[in-house]
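Asks: Take this sequence and fold it.
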Amino acid sequence: MPELPEVETTRRGITPHLLGQSIREVMVRRRDLRLTIPPSLSSIEGLHVTQVLRRAKYLIISFEKNHHIIIHLGMSGALRIVDPATDFRTHDHVAFTISNGKQLRYHDPRRFGIVTHFVSADPFSHGLFDHLGPEPLEPEFDAAYLKNAWKSISRPVKVALMDNAFVVGVGNIYASESLFHAGIHPATPAQKLSLPRIKKLVASVKDVLLKSIEQGGTTLRDFLRENGQPGYFRQELFVYEREGQPCRKCKSTIVKITQAQRSSYYCPSCQKK
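Replies: This next block holds a predicted model:
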């Protein structure tokens, strides 16, 4: 699943092609995604793009006259900038022809993503953004905030870290990696963490995410950047999907467990409860 670094990489990649341009045509080839694509999506035709934003794993493309489209890449989605003459692939469900002669295409084999439209003076007023916690790379996500948010949370820290109510966009890969670098066992109850350990975890989350964004996102089976090339962060992973392999720091064997129906990976020597 594309996580926050992949979505941010995509945002940065498509922004230069969209900003200040208008949409000449909207082509919907299939509407039955996670949410049905509304007929009002075509109302952005002729409007100029004013900004391209990200909230959690959502992309928001804003237009003049307070129009916005929200895109979520779901489990397998990707956005690409292509020449309009390029043949459509089987799972290219939406295409936006841009006034600069290029085309933005939304590709989603599993159709678990979202492409929707709304009108509002506030681009973050849509119900999809309700109940979301702070962005992990913003100053408000700090140790004092997280210590207070988790003061009565008995769930394992790995599960709590992936809860968008506490912080958005820290998915399975980056939660595992952040906990490793912070030296915290994924099964540790969130409320048991001391302030110093939470400070280390917050710093690790920010560092891991920033490094991944810089390198273009993690290479996943289903994720491609806007130019069709995979990200490059996969080679830097310390624990994720490395079950049975030696720890890159201490040579102990990486262990895999299941938490909240998701796989967690950790080093039993480097990470303590």
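Asks: helices or strands up against the strand or helix carrying residue 258?
Replies: Under the criterion of DSSP states H and E, residue 258 resides in strand 255-259. Other elements packing on strand 255-259 under the criterion 3 or more C-beta pairs under 8 Å, 6 or more residues apart in numbering; DSSP states H and E are strand 262-266. All C-beta spots, glycine's among them, are computed from the backbone N, C-alpha and C.
Asks: Which residue ranges make up the domains of the chain?
Replies: Following automatic domain parsing, one finds the domains of the chain at 4-129, 143-266.
Asks: In the chain, which helix is the longest?
Replies: If you go by DSSP state H, the chain has its longest helix at helix 195-214.
Asks: show me where pLDDT drops low in the protein?
Replies: Scanning the chain with the threshold set as pLDDT under 70 gives 217-235.
Asks: mind listing the strands for it?
Replies: Taking DSSP state E to define them, one finds strands in the chain at 23-28, 49-55, 58-63, 67-72, 78-82, 92-98, 103-107, 114-119, 255-259, 262-266.
Asks: and of those, who's closest to residue 245?
Replies: Residue 245 lies closest to strand 262-266 among the strands of the chain, at 9.6 Å (C-beta to C-beta).
Asks: Could you list the paired strands of that closest one along with their orientation?
Replies: If you go by DSSP bridges, strand 262-266 pairs up with strand 255-259 (antiparallel).
Asks: And the longest helix of the chain, how far out from the chain middle?
Replies: Averaged C-alpha coordinates place helix 195-214 at 16 Å from its chain's average position (C-alpha atoms, centre = their mean, to the nearest Å).
Asks: which residues sit against it?
Replies: Contacts made with helix 195-214 from outside it, assessed by C-beta atoms under 8 Å, 6 or more residues apart in numbering, are listed as 4-5, 8-9, 136-137, 141-144, 146-147, 150, 157, 161, 167, 169-170, 174, 177-179, 181-184, 193, 218, 231, 233, 236.
Asks: ok, back up a step: got a list of contacts for the strand holding residue 258?
Replies: When contacts are defined by C-beta under 8 Å, 6+ apart, strand 255-259 is touched by residues 156, 158-159, 186-187, 243, 263-268.
Asks: hang on, the earlier thing: just the ones of the contacts of helix 195-214 in helices?
Replies: Cross-referencing those against helices under DSSP H gives 4-5, 8-9, 143-144, 146-147, 157, 161, 174, 177-179, 181-182.
Asks: now, the most widely separated pair of those residues?
Replies: Using C-beta to C-beta, the two most remote members of the ones in helices among the contacts of helix 195-214 are 9 and 147, lying 30.6 Å apart.
Asks: Residue 179 against residue 271, yeah?
Replies: Yes: at 6.5 Å, residue 179 and residue 271 qualify as touching, with contact defined as C-beta atoms under 8 Å.
Asks: Give me the common contacts of these two.
Replies: The overlap between the contact sets of residue 179 and residue 271 (C-beta under 8 Å, 6+ apart) consists of 185-186.
Asks: Compare those two and say which is more crowded by neighbours.
Replies: residue 179 (29 against 23; other C-beta atoms under 10 Å).
Asks: Give me the number of neighbouring residues for the residue lying closest to that one once chain neighbours are set aside.
Replies: Leaving out its chain neighbours, the residue that sits closest to residue 179 by C-beta to C-beta, 6 or more residues apart in numbering is residue 186, at 5.4 Å. Burial of residue 186 is recorded as 22 neighbouring residues (other C-beta under 10 Å).
Asks: what's the spacing between residue 186 and residue 90?
Replies: When distance is defined by C-beta to C-beta, to the nearest Å, residue 186 is 38 Å away from residue 90.
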